[in-house]
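> how does the following fold in three dimensions:
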Amino acid sequence: MKNRLYVSWTSSTGIDCKLIGPETPCFCGHRYKQHQTDFVTLPEERPIRLPCKQGGCKCLSYHYIPLNGGQPIRCTCKHLADSHSERHPYKCKNSKAGCKCNGFKSSFTCACTKYVYEHETLVETREERSAKGKPVGHDVQYQAMGGLTGFSSLAEGYQRLDPSGIGAPSAEFLNQPVSASDHPFLRANLPAMNAYRGLEQGTPEYEADLAEQMAAMRRPGETDMEYFERRYQQRQRSERAAKRGVASGRGSSSSSSKGRGASLSKGGAK
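Numbers count the residues shown, from 1 in each chain. Below is the predicted model:
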């Protein structure tokens, strides 16, 4: 928990295009959780190496490589990524067949419009990532969590609300008025959203509207007869309350007029 490492696949623009999780595959074909992900004491050398723990694997450090759908991407030598060595610079294994590839380099384009070779796999400590203003999440007791800090971490960098994936947007962004260009879900739930805002602000009109909406909802196991009877009783109570309010208003106005008449009569007597 204290020495957690955050692993991300970052483009040259600084966007975390992929936040590495325990099941994210490495260039060597093994998962992130199958590499050394925890240290009693964090190494001082940079970059931090995360070697593979699987027997016979020559991978010296975790290195993310994207997939083209469900298949590995191809190098410029036309061979797949798994046909290359696990060690940097990831030379092609088909050299005996005449391939002159000196290292894996793909023309595959990420969703951020940058090439694969314009990205790098970053291994950072909590302090290093916090200094960049990026999310670090809460302390968890699980191994190999990598860069995952929440549900938004599962989305690619360009799909998050902000370029760096820092997290929740500002209050101004969330409280801006809903327009016709917004998602249909927001437009359909606009009355409920207004009612909630009114309830937070304590506006009586919104409170009454929300109470009416809740009262109009069917209760579990309620028959039609019970529902109409309950609504009838509610209308009766509201009408009686309204009549009492009108009567109390008339009584207060008559008492005030009597008070003014008495004061006038006293003034005339003087």
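
> now do the strands in this protein.
6-11, 16-19, 67-68, 71-72, 119-124 (DSSP state E).

> adjacent strands (with direction) for the third one?
In the sheet, strand 67-68 lines up against strand 71-72 (antiparallel) (DSSP bridges).

> how about stretch 82-92: buried residues?
83, 84, 85, 86, 90, 91, 92 (16 or more other C-beta atoms under 10 Å). Where you see a C-beta, it was placed from the backbone N, CA and C, and this is true even at glycine.

> mind checking which of those residues land in helices?
Applying DSSP state H to these, no entry is found in helices.

> so which of the strands of the chain gets nearest residue 153?
Across the strands of the chain, residue 153 has its closest neighbour in strand 16-19 (4.4 Å, C-beta to C-beta).

> and that closest one, how far out from the chain middle?
Offset of strand 16-19 from its chain centre (C-alpha atoms, centre = their mean, to the nearest Å): 14 Å.

> now do the end-to-end distance for stretch 97-114.
31 Å (C-alpha to C-alpha, to the nearest Å).

> buried residues in it?
For stretch 97-114, burial by neighbour count (16+ other C-beta under 10 Å) applies to 99, 101, 104, 106, 108, 110, 112.

> the fourth one touches residue 75, doesn't it?
Right, residue 106. Yes. Residue 106 is within contact range of residue 75, at 5.6 Å (criterion: C-beta atoms under 8 Å).

> common neighbours of the two, please.
Common contacts of residue 106 and residue 75 (C-beta atoms under 8 Å, 6 or more residues apart in numbering): residue 81.

> my read: residue 121 touches residue 64, true?
Yes. Using C-beta under 8 Å, residue 121 is in contact with residue 64, at 4.9 Å.

> which one's more surrounded, the two?
Ranked by neighbour count (other C-beta atoms under 10 Å), residue 121 and residue 64 place residue 64 first, with 22 against 19.

> and the residue lying closest to that one once chain neighbours are set aside, what pLDDT?
The spatially closest residue to residue 64, leaving aside those adjacent along the chain, is residue 9, at 4.5 Å (C-beta to C-beta, 6 or more residues apart in numbering). According to the prediction, residue 9 has pLDDT 94.
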